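# next one to model:
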Amino acid sequence: MAFYLAVDLGTTGCRSIIFDEKLNIMGSSYEEYGLITPKEGFVEQKAELWWELTLKTAEKAIECSDVDPGEIYGISISSQGITLVPVDRELNPLCNALNWLDMRATEERDLIEKDFGGREIFYHTGKKNTPAYTLPKLLWIKKNCPEIFDRAYKFLMPMDYLIAKLTGECVTDYSMASGTLFYDIKNGCWSKKILEKYGIDEDKLPIIKASGSCVGKVKKEIIEKLKLNENCIVAVGAQDQKCAAYGAGLDEKTVTVSLGTAAAITKEWGIYAPEKCEDIPWSSYTSRDKWVTEGVIGTAGTSLRWLRDLVFKNEKYSVVDKEASEAIERGSSVMFFPYLSGPNCPEYYKESCGVFYGLGLASNRGDMAAAVMEGIAFRIRTLLKAMDVNTDDCRLVLFGGGAKGKLWPQIIADVTGMEIQIPSTEEAASAGAAVLAANGCGKNLGSLGRASVFSPSERQAYYNEKYEKFCKLEKKMWEEDQ
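Now for the predicted structure:
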């Protein structure tokens, strides 16, 4: 039997998982690493740690499994996007990586706005111009660290760096390239007009290939260290949310929702049509002729955890669910607006913040818990509408920590009116990477199976009415501030 090694390189941790051909998890290992914050707005990481922990977790995952590493035939990567690291010819980082959370490049963001304008950048790259993306970061390095900019052999993102360390080849995929702000999303290539405008040499960028395509064999010394099959290959991976959607079976009739710290709602498109969806970021998907829109709720699972830590101290989530369910049975009128980290798409209300509305002397913590779950569900419904999802003809696959219980998926089913399917493992991003690894070996593993299904209940009418009130209040609070 063949096995596949998936590496999931997140913002603060690295996980390696070995999957079999039926996408069963055979072994897993996870290691955390930190963020470096030298000053306000600066968020960095040591790229060397990405590689060190990839090897460490891969070795541990093999050790804790019953798998003969000689039967591991493919490796692929699910990765955080946008983060930037310049490297020399020996792939040594020339400075700390600038993490996607880094917001130092505000002047460079303003320069891009002046040169191109927000609408042109959005239509050309699929993204709104913010300091989070790679281009402003690269221009910041060029301006403030010109010796690093000039010395750099390649400018890489996390997945690209790991692929290079594994194979010696500098390769990225379409979904990772989409986060740079110098990617021509319609034509699926680096943007010549943006690179020429800012004096960025295309030869210093990784080659763009389709996810699941074979990069090449793993370096001999790594095969020997991990005792892998001598013909083990590395396949191009994808940005983590796209990898998760791929593993969960995203297609034109399946929308995916990653309900973790944040929530990402992903819809596939067969065409690039930004005029149909101007308020949601667009991205290329696993190939140059597929695109996705991805609506994000910045604080989703974080909101529930915040509430649990604040008013359900030392209680399990099962207690939170029980009291929230009781509140829903009573017809609780409390509402929660989940803007704990500020504006979200599609409205981008500038003054938005977290708000509980409708609290009274009879309210209790169960009302608040129900309101948090409902508030996230209402935002999911808003994003589905903004992305032109036909909720009558689509299913929704829900994964991540928020999909573990029964209450929250049922609320989302009732609020959206959609069938909610829960995959067989919450590790959808790693499963997607395993499928891509198999693709690189010429095999198709399909997508994750379904563990459970939630259909809309008789509460749909109740939630339709509450959602309308939620939207009216939201506009009343913040629309006039726009």
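
# the stretch 351-482 of the chain: strands as residue ranges?
Along the stretch 351-482 of the chain, counting by DSSP state E, counting those that start in this stretch, strands occupy 355-357, 395-399, 420-423, 450-454.

# any chance of those in JSON lines, plus mean neighbour count, distance to Lys469 and mean pLDDT?
Just so you know, the C-beta spots here come from the backbone N, C-alpha and C atoms, and that holds for glycine as well. Shown next, in JSON lines, are the strands of the stretch 351-482 of the chain (neighbours: other Cβ atoms under 10 Å; distance: least, Cβ to Cβ, whole Å; pLDDT from 0 to 100):
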{"stretch": "strand 355-357", "mean neighbour count": "16", "distance to Lys469": "9", "mean pLDDT": "96"}
{"stretch": "strand 395-399", "mean neighbour count": "24", "distance to Lys469": "23", "mean pLDDT": "95"}
{"stretch": "strand 420-423", "mean neighbour count": "23", "distance to Lys469": "23", "mean pLDDT": "96"}
{"stretch": "strand 450-454", "mean neighbour count": "15", "distance to Lys469": "24", "mean pLDDT": "94"}
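
# a markdown table please, covering the ones you listed and showing distance to Ser287.
Putting those into a markdown table (distance: least, Cβ to Cβ, whole Å) gives the following:
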| stretch | distance to Ser287 |
| --- | --- |
| strand 355-357 | 41 |
| strand 395-399 | 20 |
| strand 420-423 | 22 |
| strand 450-454 | 25 |
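
# show me the one of the ones you listed that comes nearest Val67.
Val67 sits nearest to strand 420-423 of all the strands of the stretch 351-482 of the chain, at 22.0 Å, using Cβ to Cβ.

# so which elements touch that closest one?
Packing partners of strand 420-423 (3 or more Cβ pairs under 8 Å, 6 or more residues apart in numbering; DSSP states H and E): strand 395-399, helix 407-416, strand 450-454.

# could you redo those as TSV and give each row distance to Ile265?
As requested, these are exported to TSV (distance: least, Cβ to Cβ, whole Å):
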stretch	distance to Ile265
strand 395-399	9
helix 407-416	10
strand 450-454	16
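
# and the strands of the stretch 351-482 of the chain: which comes nearest Ala437?
With Cβ to Cβ as the yardstick, what comes closest out of the strands of the stretch 351-482 of the chain is strand 420-423 (18.1 Å).

# figure out which of the strands of the stretch 351-482 of the chain is closest to Thr180.
strand 395-399 (26.6 Å).

# if we can go back for a sec, among the strands of the stretch 351-482 of the chain, which is nearest Arg15?
strand 395-399 (14.7 Å).

# in terms of secondary structure, what does the closest one contact?
Packed against strand 395-399 by the contact rule (3+ Cβ pairs under 8 Å, 6+ apart) you find strand 254-259, helix 407-416, strand 420-423.

# ok, residues contacting the longest one?
Applying Cβ atoms under 8 Å, 6 or more residues apart in numbering, the external contacts of helix 407-416 come out as 257, 259, 321, 324-325, 328, 373-374, 376-378, 380-381, 384, 391, 396, 398, 402-403, 418-420, 422, 452, 454-457, 459-460, 462-463, 467.

# so how do I select the buried members of these in PyMOL?
Applying 16 or more other Cβ atoms under 10 Å to the contacts of helix 407-416, the buried members can be selected in PyMOL as follows:
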select buried, resi 257+259+321+324+325+328+373+374+376+377+378+380+381+384+391+396+398+402+403+418+420+422+454+456+459+463+467
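
# single out the most deeply packed of the helices and strands packed on strand 395-399.
Stretch with highest mean neighbour count among these: strand 254-259 (a mean of 27; mean count of other Cβ atoms under 10 Å).
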